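S.K.: here is my input, please return the structure:
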Amino acid sequence: MNRIALFTVLAVTAGSCPGTTEPTGPLPVGTWGGENAGVIVSDTSLHAHVGCTYGNAPRPSLSDGRFDVAGLYNITAHPVDAGVFHPAVFRGQVSGVTLTLTVALTDTDVTLGPVLVQLGREPKMGPCPICRPGSAPRSMK
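M.R.: Purely as a prediction, here's the structure:
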């Protein structure tokens, strides 16, 4: 094979290297942390905090690095949690170990985010605590 043909083959195949596709499958389990945001993913669920708010949804599956899953969200959790949950859509996009998350309440015009969280990073929540596995209200487990 001459040099021009070899260069052409290499140039065409360089953009199709394995491992360059967006992730698929279940959202990885663990704590995802960011500035004033956190997400805890278990085998079955996603628990998210954006500021002094929180909500829950089933553990999403990624398709081309993205997910869109229905859940419940409490925007009046601090300073006194009245336990009022709204239907919401959790939308996310994963790139490497970074998740960009937006939560849109479907019964109001409230949208939280987008926020960036990273897998394995401790959330920095400011004045509002983040729930830990097993500490969510009984009605949300």
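S.K.: can you list the strands that the helix or strand hosting residue 33 pairs with?
M.R.: Assigned by DSSP states H and E, residue 33 belongs to strand 30-34. Paired with strand 30-34 in the same sheet, following DSSP bridges, are strand 37-41 (antiparallel), strand 111-119 (antiparallel).
S.K.: could I get these in CSV, plus columns for mean neighbour count, distance to residue 104 and mean pLDDT?
M.R.: Every residue, glycine included, has its C-beta placed from N, CA and C. Formatted as CSV, those follow (neighbours: other CB atoms under 10 Å; distance: least, CB to CB, whole Å; pLDDT from 0 to 100):
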stretch, mean neighbour count, distance to residue 104, mean pLDDT
strand 37-41, 24, 15, 96
strand 111-119, 18, 5, 98
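S.K.: redo the ones you listed as JSON lines? Include distance to residue 63.
M.R.: Listed next are these as JSON lines, based on distance: least, CB to CB, whole Å:
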{"stretch": "strand 37-41", "distance to residue 63": "16"}
{"stretch": "strand 111-119", "distance to residue 63": "18"}
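S.K.: quick one, the host helix or strand of residue 87 and strand 111-119 angle?
M.R.: Assigning secondary structure by DSSP H and E places residue 87 in strand 86-95. On the basis of axes from the mean of the first three to the mean of the last three CA atoms, to 10 degrees, strand 86-95 is oriented at 40 degrees to strand 111-119.
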